[in-house]
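Asker: Build me a structure from this.
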Amino acid sequence: MFSLLFPGQGSQIVGMGKEFYENFDYVKELFQNADEIFNKKISKIILEGPEELLNQTENTQTAIFLISFSIFKVLEKETNLNIKNSQFYAGHSLGEYSALCCAGSINFEQTIDLLKNRGIAMQNAVPKGEGGMIAVLGIEINKLNEILNEYSKFECFVANDNSPGQIVISGKLNALELFEKNLKKKNIKAIKLPVSAPFHCPLMKNATQEMKNKILDTDFKDPLVPIISNVTASPQNKSEEIKKLLIKQIENPVRWRESIINMINNGVKNFIEIGPGKVLSGLVKRIDRNVKLIQVNNLIDVKNITYD
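Answerer: Next comes the predicted model:
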């Protein structure tokens with residue numbers, strides 16, 4: 001049994017997807033369609049940069065989706081892998097939208113429209129330079145929650161429970177600095193992440209309000225493959241429930257560790273990461289070293305893809 005994984009922000013790199021763009025006309029057409037829907041040359045930003053522009057949240061989200069969806073289409077057309085037979089699809093943060101599109105719940109145009117608005121709403125929710133995120137290493141979630149409760153005045157929040165020993169915290173910059181100093185006193189390592197906003201926490205309240213009607217007004221269908229929700233870490237296959245959870249997702253933590261454990265407990269032995277980078281495979285490896293991990297982000301990966 002296998003499941004497909006779709007990456008989120010942080011996996012982007014200038015030039016990603018170039019091989020697929022140059023070798024498949026239908027991928028080139030997807031890039032051109034994305035430019036029209038996005039009302040900006042997102043294809044040029046992806047293929048040529050500059051990096052600063054690609055890393056802006058409003059561009060990053062659509063860019064990563066476009067690469068994941070393009071690779072999905074290549075796997076569908078160029079291999080014998082029946083990806084619709086996947087037991088689950090799971091995406092990290094914006095990757096959940098990629099998963100929903102590939103599962104037929106929302107179409108290509110709807111996904112780009114939602115992600116464009118989501119990126120702008122999340123970037124504008126907190127003034128630039130006021131919020132951020134740190135990765136806390138070498139500590140389990142329960143212990144970190146105890147420390148957060150101890151220092152609740154700092155208004156720092158768990159944003160991503162990624163894997164054992166890797167948890168991401170969001171908050172205002174001054175609160176994060178104070179919290180980081182307290183972690184250092186406890187000999188706990190924390191790394192500041194290169195992001196411009198405190199995602200997946202209550203500080204995203206304005207973004208939730210911005211996106212609520214946008215999501216509710218979008219016509220979702222039941223997905224062809226169950227989607228693992230970031231909010232519940234459990235499979236969802238009803239469109240109305242998925243919409244409610246996507247609204248909650250903006251200011252709730254990504255429960256990635258629990259999502260992977262849930263899929264493994266349901267018999268998944270192979271995970272195929274579709275999109276730029278290998279971030280999700282690295283996280284899965286920390287969770288369970290016994291599963292098989294496959295990354296697909298270039299033509300060689302497509303030609304060599306096999307699973308047990």
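Asker: Assign a three-state SS to Val195, would you?
Answerer: Using DSSP: H, G, I helix; E, B strand; the rest coil, the structure places Val195 in coil.
Asker: My error: substitute Ile261 in the last question.
Answerer: Under three-state DSSP, Ile261 falls in the helix class.
Asker: which residues does it contact?
Answerer: Each residue near Ile261 by CB atoms under 8 Å, 6 or more residues apart in numbering is listed here: Ala233, Ile287, Asp288. Every residue, glycine included, has its C-beta placed from N, CA and C.
Asker: how about 7 Å then?
Answerer: By CB atoms under 7 Å, 6 or more residues apart in numbering, the residues touching Ile261 are Ile287.
Asker: same check, this time on Ser105
Answerer: Phe220, Lys221, Asp222, Pro223, Ser239, Ile242.
Asker: Return the set of buried residues in stretch 300-308.
Answerer: Residues of stretch 300-308 classed as buried: Asp301, Val302, Ile305 (neighbour count, 16 or more other CB atoms under 10 Å).
Asker: Next one: the closest residue to Lys40 other than its chain neighbours relative to Met16, how far apart?
Answerer: Nearest non-adjacent residue to Lys40, counting by CB to CB, 6 or more residues apart in numbering: Asn59, 7.8 Å away. The gap separating Asn59 from Met16 is 13 Å, by CB to CB, to the nearest Å.
Asker: of those two, who's got more company?
Answerer: Met16 (24 against 21; other CB atoms under 10 Å).
Asker: Quick check: that one vs Ile67, distance?
Answerer: According to CB to CB, Met16 and Ile67 sit 5 Å apart.
Asker: Between those two, which contacts overlap?
Answerer: Overlap of the contact sets of Met16 and Ile67 (by CB under 7 Å, 6+ apart) consists of Pro276.
Asker: In helices only, show me the contacts of Ser105.
Answerer: Ser239, Ile242 (DSSP state H).
Asker: Switch the contacts of Ser105 over to TSV; also include pLDDT and neighbour count.
Answerer: Shown next, in TSV, are the contacts of Ser105 (pLDDT from 0 to 100; neighbours: other CB atoms under 10 Å):
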residue	pLDDT	neighbour count
Phe220	98	18
Lys221	98	13
Asp222	98	15
Pro223	98	22
Ser239	98	17
Ile242	98	22
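Asker: No further queries at this time; thank you.
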